[in-house]
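Visitor: Would you be able to build a 3D model of this:
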Amino acid sequence: MARIQRRDVLKGAAATAVGASLAPALPAEAAPLSRCDTPTGRDFPKVGGNLGNQNFSALAGVNRRNIRRLGAAWVNRIEGGISTGNNESTAVAVDGVIYIESAPGNVFAVDGRTGVTKWVYRQTRGTLTRRGVGVGQGMVFTHGAGDWIIALDQETGQVVWEKQISEYGNMEKVAVVYHDGKLHVGTHDGPRAAALALDASNGDVLWHFFGAPGPGERGNDTWEGDSWQDGGATPWIHPAIDPELGLVYWTFGNARGNRSSQDGSARGGQNLFANCIVALDIATGEYRWHFQSVHHDIWDMDNTMAPVLVDTWIRGRKRKLVVYGSKSGMYFILDRRDGSAPLGIDERPVPQEPRQKTWPTQPFPRQGPWTEITPVAQPLGTAVPGDPNRAVPNYVLGSLYTPHWDVPVLSVPGHGGAADWSHQSFSHSTGLVYTGFGYVAAAHSLTEASNGLRPPGEYQTGGVVAVDPSTNTVRWKKRMPYSLAHGNGILTTAGDLLFIGQPDGHLLCLDARDGRELWRFQTGAAISSSPIMYEVDGEQYLAVYAGGTNIPYGNSAPRGDFLWAFKIGGNVPPAPAPTPPVIRRPVQGGPVEGSTVGHTIVIGRTYDAATGTVGATESTAVNAMAPTHLRVPVGTTVTFTNHAGNANTRGATQFFEGLFDVRLAPGESYTHTFDTRGEYFFNDPFSPRSTGKIEVY
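Guide: Presented below is the predicted three-dimensional model:
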């Protein structure tokens, strides 16, 4: 089918004047919201574009021939210039109006041609994490803190109805999906979570499906004892819908109970429906089928991505597929009728840890992963930045699904790596599925409070991958300087273009055929949302919201409230380039001038910056370098001391430059003179969690 679609699209493009729509007959709502595979045209009516979350536009007025003439038509700082908060909302466009949520939870309607704000709904219930509104029946649907769903008049922004729904978990982080009189919403961050269908007319709950089933419900026997009660299994992101099959596809997150998501010792079993895609009857919520991507998860590898529905040919047979993946760096290609695997998925034995009650096997697509699943032990002193999946030294190294207990085990892609909650795209033109991914290695053990340690000093990079869903093989992969796994959604178009935003504020256009960069524009803030394309009065626009979020770069990611729209011939200048995010995971603790501590670092002890005192007892905490961040002028000699009161041999390994790698008995010291400006990370061979940094200026 992909080849047929490509021929049809290109034929239409050749016969269409530049700037005109390939799909001028698409109505404002009916086509993209009546079938799962109809590409968007004049409108971009929901987060994900169409019901299949394909994030593909049939508009081809912007293409490889004229992409260099693409410029900003307007910019609207919707909140008046804020530079704080987590702005993860993707815009939608209906009848020439853009609807977008801001970090404070406000909803804006913006004229898609002029950029003028038409109306604002001011949130009265507190700040939320927002992922996008739903639009339908003349209303715009949003969330309010405290588990409220709110319906606004599409023309005025006035409240039509609002309803509190508090029996199923917190409700705010999942984009609202409108279809055929129903709202599909998900809950999160509670002991259990659920997918719900609401009546769009009044917010009444029509049905629900819990990710962690209770007694008498299908799947409850996969949880040991009462562990289901705090099983988590959150639907973190919006579903896909196939009206023809009458199914809605929800993905559920990892198991989170029993002290932490890394502790499986008291929740034996597969733990359904954690780490699952579940197909439900759209009318009743009745279970139809499921597939679990990680059994008995102890790594926070919840594979929560918005499912992408694709029709294509496999071995001469046209198949209705759902593409499901993957923090694990793998796509699971499933028949969306029944959950079968036409390309093969094998249950392979994996290493076991009886104390964790690990499951004996894990599923692997027969074609393998599309990114690395084992960290590289990079020798000290070799080239920096080197291999993007390299390991910070001194950790026990594992591969995907290596179990852990009390010793941290480092693995990739990590719980913040590969594909996380960024939106994927399926191009009707190239027939490929595209994903932004990240390398964010994680060290898992029961010594970590929640989801594993992202070791200080590691590089957090990523890229874009293009996969053929008819074979589940990589067509191309492009390394990028930043992780693109956290809201950096992809839009592809009939012009064979791919748009994606970076955490440094750049909006990029790549050639969808091979990943070659064609264009970039500085938006002024990190982009943690998906670009969209729409048309007004026969002119095509690209839009993106640049606001930024704290994952995975923390407060170093530049924030803002820039809603941009672009068109051929636009001449609004780019925003000033913000300070780019720090791609190396920071140490825990602020900078301390070396002169205040005698240019000395005490290993195995914490540091109180307020009083300038070293901790009284030995520690293996992440901040057990006193201090963790030392600033010294170039040419300074720094002393590293294993505190005389420590019981263990400690040390300092400098990575990746390999300037030193020493072991020190209690009371022993080592000195090193720093002759070159830069930042130099080091950790402790005894406890690699304990990490420090020397900033040489």
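
Visitor: tell me the strands in the stretch 551-697 of the chain, going along the chain?
Guide: Applying DSSP state E, counting those that start in this stretch to the stretch 551-697 of the chain gives strands spanning 562-568, 592-593, 600-603, 607-608, 613-614, 625-626, 629-632, 636-642, 650-655, 661-664, 669-674, 678-683, 691-696.

Visitor: what helices or strands is the last one leaning on?
Guide: Put plainly, it is strand 691-696. strand 629-632, strand 678-683 (3 or more C-beta pairs under 8 Å, 6 or more residues apart in numbering; DSSP states H and E). Placement of C-beta: from N, CA and C, glycine included.

Visitor: Pipe the ones you listed into a markdown table and attach mean pLDDT and mean neighbour count per row.
Guide: Converted to a markdown table, the helices and strands packed on strand 691-696 look like this (pLDDT from 0 to 100; neighbours: other C-beta atoms under 10 Å):
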| stretch | mean pLDDT | mean neighbour count |
| --- | --- | --- |
| strand 629-632 | 98 | 22 |
| strand 678-683 | 98 | 21 |
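
Visitor: Mind putting the ones you listed into CSV with distance to Ser399?
Guide: As requested, the helices and strands packed on strand 691-696 are exported to CSV (distance: least, C-beta to C-beta, whole Å):
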stretch, distance to Ser399
strand 629-632, 32
strand 678-683, 21
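
Visitor: give the contact list for Tyr324.
Guide: Shown in contact with Tyr324 (C-beta atoms under 8 Å, 6 or more residues apart in numbering): 251, 277, 291, 293, 303, 305, 307, 331-334.

Visitor: Farthest pair within the residues you listed?
Guide: Distance extremes for those: the farthest pair is Thr251 and Ile333 at 14.7 Å, using C-beta to C-beta.

Visitor: Between those two, tell me which one has more neighbours.
Guide: Neighbour totals were compared for Thr251 and Ile333, and Thr251 leads with 31 against 28 (other C-beta atoms under 10 Å).

Visitor: partner residues bridging Trp161?
Guide: Legend: beta-bridge partners of Trp161 under DSSP bridges are Ala151.

Visitor: Next, work out how far apart it and Ile149 are.
Guide: 9 Å (C-beta to C-beta, to the nearest Å).

Visitor: which residues do the two both contact?
Guide: With C-beta under 8 Å, 6+ apart, Trp161 and Ile149 have common neighbours Gly203.

Visitor: Between the two, point out the one with more neighbours.
Guide: Taking neighbours as other C-beta under 10 Å, Trp161 and Ile149 compare with Ile149 leading, 24 against 13.

Visitor: shouldn't the more buried one be in contact with Ala200?
Guide: No: taking C-beta atoms under 8 Å as the definition, Ile149 is not a contact partner of Ala200, at 9.8 Å.

Visitor: Now do the shared contacts for those two.
Guide: What both Ile149 and Ala200 touch, as defined by C-beta under 8 Å, 6+ apart, is the set 141, 183.

Visitor: quick revisit: any chance of CSV for the strands of the stretch 551-697 of the chain, columns distance to Ile241?
Guide: CSV is the format used below for those (distance: least, C-beta to C-beta, whole Å):
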stretch, distance to Ile241
strand 562-568, 27
strand 592-593, 54
strand 600-603, 56
strand 607-608, 53
strand 613-614, 58
strand 625-626, 51
strand 629-632, 49
strand 636-642, 58
strand 650-655, 48
strand 661-664, 55
strand 669-674, 58
strand 678-683, 47
strand 691-696, 46
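
Visitor: how about Ala283, what does it touch?
Guide: Gly246.

Visitor: Which residue ranges of the stretch 401-550 of the chain form strands?
Guide: 409-411, 425-426, 433-439, 442-444, 461-468, 473-480, 490-493, 497-501, 506-511, 517-522, 532-536, 539-546.

Visitor: quick one: the fifth one to chain centroid distance?
Guide: It refers to strand 461-468. Centroid separation for strand 461-468 versus its chain: 13 Å, with C-alpha atoms, centre = their mean, to the nearest Å.

Visitor: and what of the shortest one?
Guide: What separates the centre of strand 425-426 from the centre of its chain is 16 Å, taken as C-alpha atoms, centre = their mean.

Visitor: Which strands border that strand, and is each parallel or antiparallel?
Guide: strand 433-439 (antiparallel).

Visitor: Tell me which residue of the protein is furthest from the middle?
Guide: Gly667 (45.1 Å; C-alpha atoms, centre = their mean).

Visitor: what's the closest non-adjacent residue to that one?
Guide: Nearest residue to Gly667, sequence neighbours excluded (C-beta to C-beta, 6 or more residues apart in numbering): Ala644, at 3.9 Å.

Visitor: Distance check, the one you found against Ser83.
Guide: Taking C-beta to C-beta, one finds Ala644 at 46 Å from Ser83.

Visitor: same deal with Thr606?
Guide: 32 Å.

Visitor: Of these two, give the one with the bigger neighbour count.
Guide: Counted by other C-beta under 10 Å, Thr606 and Ser83 do not tie: Thr606 has more neighbours, with 23 against 15.

Visitor: I figured the more buried one was touching Ala624, is that so?
Guide: Yes: between Thr606 and Ala624 there is a contact at 5.7 Å, judged by C-beta under 8 Å.

Visitor: Mind listing the shared neighbours of these two?
Guide: By C-beta under 8 Å, 6+ apart, the residues touching both Thr606 and Ala624 are Gly615.

Visitor: re earlier: now for the residue farthest from the centre of the chain: which residues touch it?
Guide: By C-beta under 8 Å, 6+ apart, the contact set of Gly667 is 641-644.

Visitor: And for Ala73?
Guide: Counting by C-beta under 8 Å, 6+ apart, Ala73 touches 115, 541, 565-567, 570, 572.

Visitor: Nearest to Arg192, out of the helices and strands packed on strand 691-696?
Guide: Going by C-beta to C-beta, the one of the helices and strands packed on strand 691-696 nearest Arg192 is strand 678-683, 38.1 Å.

Visitor: can you state the direction angle for that closest one and strand 669-674?
Guide: 160 degrees (axes from the mean of the first three to the mean of the last three C-alpha atoms, to 10 degrees).

Visitor: could you give the angle of strand 678-683 to strand 650-655?
Guide: Using the same axes, to 10 degrees, strand 678-683 lies at 140 degrees relative to strand 650-655.

Visitor: Which neighbouring elements make contact with strand 678-683?
Guide: strand 650-655, strand 691-696.

Visitor: got the contact list for that strand?
Guide: So strand 678-683 is contacted by 392-394, 455-457, 584, 587, 652-655, 657, 659-660, 674, 689-696 (C-beta under 8 Å, 6+ apart).

Visitor: to the chain's geometric centre, what's the distance from that strand?
Guide: Centre-to-centre, strand 678-683 and its host chain are 28 Å apart (C-alpha atoms, centre = their mean).
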